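> my questions concern the predicted model and sequence given below.
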Amino acid sequence: MAQMANNRQRQQQQRGADSDEQEIASRTVQVQSKRFYLDVKQNRRGRFLKIAEVGSNGQKSRILMSMSSTTEFRDKLSELVKFYKQLEAGGATGDHGNGPRFKSESMVKDNRRYYLDLKENQRGKFLRVAQQVPQTGMRSQIAMPAEGMSELKEKLTELIEECGTDDLGDGVEQLPGPKSFRAMGKIFYFDVGANRRGTFLRVSEVHASYRTAVTVPDKCWANMRDILNELIENDSKQPAAPEAAKN
């Protein structure tokens, strides 16, 4: 039940986010029975690239990245394109010999991890691009036949040249960058975001066995700061805990 509620909440948030988006530029790549859309969009948080895969049955998958991530992503993709051409010409071997995966690239940007894998199955060689958000554990991915990688790189290059790699567009408010720290086997993430209701802070606690998060509107930040300051001050006045008795 909790998982279903979380899924509904994510869908509602996504519908709200989509309604705030403005399309800046778009490209399309058709490979076999699949169609891929590369859209540069803008919302209150800034400009970003959305790559969507639409299968022959109409099912959609997509990944998102900031515009400042696109150059590195394009460079990683270029390495895979070059390797694929050598592979087809018989001049390269994969990381795993005759195994299912030939070459992989990865990058980390804006607290997101991206994985680019050139793989092979019974239908042939293909590129899988996966995006993972460590704070929430959410993972999304697209898969493209390897023959379409060159065109994907070309279309992406066109969008970079047309739109640039600046995350901030006209009328976009600049938000603080993400923060995080580790303590007691956990990671705490602090991410500032914005939607139609305003600016907010999402505090995520990530442990190996669970993830939790709370969202605090910006109007409440001062109250939260005052409470934290009071707790810190009171804690500093407490006597130090006695050391454990030594044998």
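That came in fine, so what should we check first?
> bridging across strands, which residues link to the most centrally placed residue in the chain?
Taking C-alpha atoms, centre = their mean, the centroid of the chain lies closest to residue 112, which sits 4.1 Å from it. Per DSSP bridges, the residues bridged to residue 112 are residue 109.
> my guess is it meets residue 139, correct?
No. Counting by C-beta atoms under 8 Å, residue 112 stays clear of residue 139, with 10.4 Å between them. The way it works is simple: take the backbone N, C-alpha and C, and place the C-beta from them, glycine included.
> got any residues that touch both of those two?
Contact criterion C-beta atoms under 8 Å, 6 or more residues apart in numbering; residues shared by residue 112 and residue 139: 131, 132, 133.
> roughly how far apart are the nearest residue to the last one once chain neighbours are set aside and residue 184?
By the measure of C-beta to C-beta, 6 or more residues apart in numbering, the closest residue to residue 133 outside its immediate chain neighbours is residue 112, 5.5 Å from it. Computed as C-beta to C-beta, to the nearest Å, the residue 112 to residue 184 distance reads 25 Å.
> now swap in residue 201 and tell me
Distance from residue 201 to residue 184, by C-beta to C-beta: 21 Å.
> those two - which one has more neighbours?
Of the pair residue 201 and residue 184, residue 201 is the one with more neighbours under other C-beta atoms under 10 Å, namely 18 against 6.
> what separation do you get for residue 73 and residue 206?
From residue 73 across to residue 206, the span is 24 Å (C-beta to C-beta).
> all strands for the protein, in order.
Taking DSSP state E as the test, the strands found in the chain are 22-31, 34-43, 46-54, 60-66, 101-109, 112-121, 124-133, 138-145, 179-183, 186-195, 198-206, 211-217.
> so which of the ones you listed is nearest residue 227?
Distance to residue 227, taken as C-beta to C-beta, is lowest for strand 211-217 among these, at 11.3 Å.
> which residues touch the closest one?
Under C-beta under 8 Å, 6+ apart, the answer for strand 211-217 is 135-137, 197-205, 224.
> could you rerun that using 7 Å?
135, 136, 137, 198, 200, 201, 202, 203, 204, 205, 224 (C-beta atoms under 7 Å, 6 or more residues apart in numbering).
> so residue 73 and residue 206 - more neighbours on which side?
residue 73 (22 against 18).
> that one contacts residue 64, correct?
No. Applying C-beta atoms under 7 Å, one finds residue 73 not in contact with residue 64, separated by 11.4 Å.
> how is this protein carved up into domains?
Domain ranges of the chain: 22-163, 179-237, per automatic domain parsing.
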